[in-house]
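**Q** Pasting the sequence and the predicted coordinates here, then a few questions.
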Amino acid sequence: MAPEGKDTALLAGLRVLDLADEKACFCSKLLADMGAEVIKVERPGGDASRWIGPFWGNMAHPEKSLSFWYNNTSKLGITLCLESKEGQGIFLRLASKADVVVETFPPGYLRKIGLNYEVLSEKNPRLILASVTGFGQTEPYRKYKSCDVVASAVGGQMYVCGLPDYSPLKPYGQQSFYAASLFAAVGILIALRERNCSGRGQHIDISLQEAVAATLEHVMVRHFYEKVVPNRQGNLHWTNSACLLPCKDGYILVTFGREWETLVDLLDSEAMSADLKEEKWREEDYRRQHVDHVIEVLACWTRTHTTVELFELGQLMRFPWAPVSSPKDVFNSPQLRARNFFIPVDHPEASASFVYSGTPGKFSGSSWNIWRRAPLIGEHNTQVYGGELGFSLDELTRLSFTDVI
Amino acid sequence: MHGNTLQGIRVLDFTWLLAGPYATRILADFGAEVIKVQSRKTATGTESNATGYFNTWNRNKLSITIDMTRPESKELVLSLVKISDVVIENFSPRVMANWGLSYETLKEVKPDLIMVSMSGMGQTGPWRDFVALGPTIQALSGITYLTSYSQGLPVGIGYSYADPLAGLIAALATLAALESRARTGQGQHIDISEYEVMCSLLGPTILDYSVNHNLAVPRGSTSEHMPASPHGCYKCLGDDKWCVIAVFTDEEWHALCQTMGDPAWAKQEKFSGLLRRLEHQEELDEFLGQWTSNYTPEEVMNMLQEAGVASGIVNNAADLANDPQLKSRGFFIQLHHPVLGNTNSDGTPIRLSRTPARYRWAAPLLGQDNRYVYQDLLGLIEEQFCQYIEKGIIS
């Protein structure tokens, strides 16, 4: 039984086979939470991404990976050995009834096992294959290995993150995988739209490197237009008009561009404006050139307040200020709570309901939701192989004994 | 059809700055007709048409002008809404309603309209009117706190990462709503919160707090939750030149050692096995950094990748513009702009084999498509069109 509302979901009726590891399981999660039927196809014993932490109860276990849980919500799960001839045959049967396949194997691997795009599309011309890899499907680097830190480095992200006198710094939390997954998901929906007209699928080639390089905001614009090579400057914004400052109880993001005069009045009302009332500081260029002094004076003031005080005061003045928040603060955010951002998800085996980060948007006429927890290893083998493909119980037992499923 | 994958989709685009224009650029790259709604009064700063920023985020779009502060403008906009599939905006939540252009009003003239509202905090909730830029959202989401070398001194990401990511989510939501409309005939209003976008990109870490009450801490450039050692950023030959190296398996460790010429230090007991290497990570990084400092990042990357070890150059903007892989894939594109001349920008990472993106034209000049949109699409006759201009409504 489909959960309530799922048959009217955004992508109801769309079937996706998910061969993706940690690089793109978020792509098929997005589609699954939008109501597509996503079947995660794992190797017998479970995907290696089940060993990525953190873990529920802090003990490494393939059914307790929180990374796997979060990135595989709303999916069904089956196991299948793609290395075996029989497994490949079964996959082709599944693919002939699917709309989309998402995969993250090294380029060339699918060809090796006879499941490359040409083969799949001959079976099912409407099939859309999305491939997410470190450097893309083409030379010269196609065979090169990647991971989050490599993608972050070669995509231009790390160089502009970190302190000037320290090593470049990788943004937290496998961001390159999320960016690439998003590009892949958008690409899939564009290809679907095109398929509505042409009746034909296509192959989508997403590179982690390009996904990172395409989300660098000012970096390449300034390089192409101003011949600048943007540098690392710690937590000081590249415009020199915003930075993180210490408070009594943490840090606050403070801006001091357009809001200058109001800000100086604020400091002055607490007798802490030092020399900033002098005429020369009204010039934005002058402030940028002497930003160290501005920061020094501002920090003396921010240290006398709490983050909450300054957050409230700043927002009252229409300044885009915010406290540097921890995941705990996020979890307790009154804004996120008021919008029901967090979604309780049932885990029957744990006799518990766990609270997940939800979906980043609300549709007035459909649900974008977490429909169920991530699948257990091979949880839906009987449903998919028995129901869908019509395998008998004996056959299922044999396939399981011979490690095909 | 080639490249006109989203042909026939008309988007009335009220967005500005980065997050919104990034969303509509994706749609425009694949052939949607994106009509950017501007006005002479607001086309300043980064919204000034002949600037690098504007040109980068607004290629393949059309531009019309209308002064939204004039009461007569509302009717003109409503007639445009009537012939559009999507209306998208990223103002503060009050603005569209103040103009009399709430979803309820727009739906009356175009019942199956898809309206996308992007904002920092979302259209509802106690913080809905809060002012937010990319760095504000990043601070609130936890990513600024978590991106650092150590606990206690937050560093964060050196640019507005949250904006393009929110743009991607908005593009995804728009396409999903179009897909749903094709099936059901129903439009809808979509409320995208950039704050929630960033929080959804930290899902496992927030879940770790939710189920374990673990308080995540910054982990530098380590592999965080996938055990790997060595794993990090290492100094290379040259000024501010760096490479990264990531070793997940013993096989990769042996390949790394072999590439380094099996130095004596690497044979020490304390570096045998992943767990021991993790335990002696600092010392290991010291040794490895001494080796990498003899080579350029390109040399390290090529040597190690040929040996089967994940490694990469820490590319700066100039390196990126000349990166062999990006070059061979034609990632950066060139478009001629009537004022700026030949201009460069990133293309789309979305590579479709049969109907690839098409880079048709650079960003439009202010109001350059007024005649096409108001006369050809909307059917205003010359006299009406001129009256709107004279009254300062099309302006």
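**A** Alright, I've got the coordinates.

**Q** in the stretch 101-250 of chain B, what spans have low per-residue confidence?
**A** Applying pLDDT under 70 to the stretch 101-250 of chain B picks out no residues at all.

**Q** Looking at the record's assignment, how would you partition chain B?
**A** Domain assignment for chain B by automatic domain parsing gives B:10-201+B:331-390, B:231-321.

**Q** Now do the end-to-end distance for the last one.
**A** Pointing back at domain B:231-321 there. 26 Å (C-alpha to C-alpha, to the nearest Å).

**Q** and the most centrally placed residue in chain B, what element?
**A** The structure's chain B has its C-alpha centroid closest to B:Pro164; by C-alpha atoms, centre = their mean the separation is 2.0 Å. When elements are assigned from DSSP states H and E, B:Pro164 belongs to helix B:162-184.

**Q** Beyond that helix, next helix or strand please.
**A** Next in sequence after helix B:162-184, counting helices and strands by DSSP H and E, comes strand B:188-193.

**Q** Determine the set of other helices and strands touching that following strand.
**A** Secondary-structure packing of strand B:188-193 (3 or more C-beta pairs under 8 Å, 6 or more residues apart in numbering or on different chains; DSSP states H and E): strand A:361-363, strand B:114-119, helix B:162-184. Just so you know, the C-beta spots here come from the backbone N, C-alpha and C atoms, and that holds for glycine as well.

**Q** tell me the most buried of the domains of chain B?
**A** Between the domains of chain B, domain B:10-201+B:331-390 has the highest mean count of neighbours, a mean of 21, where neighbours are mean count of other C-beta atoms under 10 Å in any protein chain shown.

**Q** list the contacts for B:Tyr161?
**A** B:Tyr161 is in contact with A:171, A:175, A:215, A:217, B:134, B:138, B:143, counting by C-beta atoms under 8 Å, 6 or more residues apart in numbering or on different chains.

**Q** and the closest residue in space to A:Leu163 that isn't next to it in sequence, how far is that from B:Phe248?
**A** Distances taken as C-beta to C-beta, 6 or more residues apart in numbering or on different chains place A:Gly234 nearest to A:Leu163, at 4.5 Å, with adjacent residues excluded. Distance, A:Gly234 to B:Phe248, using C-beta to C-beta, to the nearest Å: 30 Å.

**Q** Next up, phi/psi of residue 373, please.
**A** By default, I'm working from chain A. phi -70, psi 170 (degrees, to the nearest 10).

**Q** not what I meant, chain B
**A** Residue torsions, per degrees, to the nearest 10, at B:Val373 are phi -70, psi -50.

**Q** Spatially nearest residue to it (excluding sequence neighbours)?
**A** Closest to B:Val373 by C-beta to C-beta, 6+ apart is B:Ile64, at 4.8 Å.

**Q** for the one you found, helix, strand, or coil?
**A** Secondary structure, DSSP: H, G, I helix; E, B strand; the rest coil: B:Ile64 is strand.

**Q** what does B:Leu12 give?
**A** strand.

**Q** Specify the beta-bridge partners of the residue nearest to B:Val373.
**A** B:Val37 (DSSP bridges).

**Q** Give me the distance between it and chain A.
**A** 24 Å (C-beta to the nearest C-beta, to the nearest Å).

**Q** Does B:Tyr324 touch A:Pro140 like I think?
**A** For residue B:324 the amino acid is Pro, not Tyr. Yes. Assessed by C-beta atoms under 8 Å, B:Pro324 is found in contact with A:Pro140 at 5.7 Å.

**Q** what do those two both touch?
**A** If you check B:Pro324 and A:Pro140 against C-beta under 8 Å, 6+ apart, no residue is contacted by both.

**Q** Now do the helices in the stretch 1-150 of chain A.
**A** With DSSP state H, counting those that start in this stretch, the ranges of helices along the stretch 1-150 of chain A come out as A:25-33, A:66-71, A:85-95, A:109-112, A:117-123, A:148-154.
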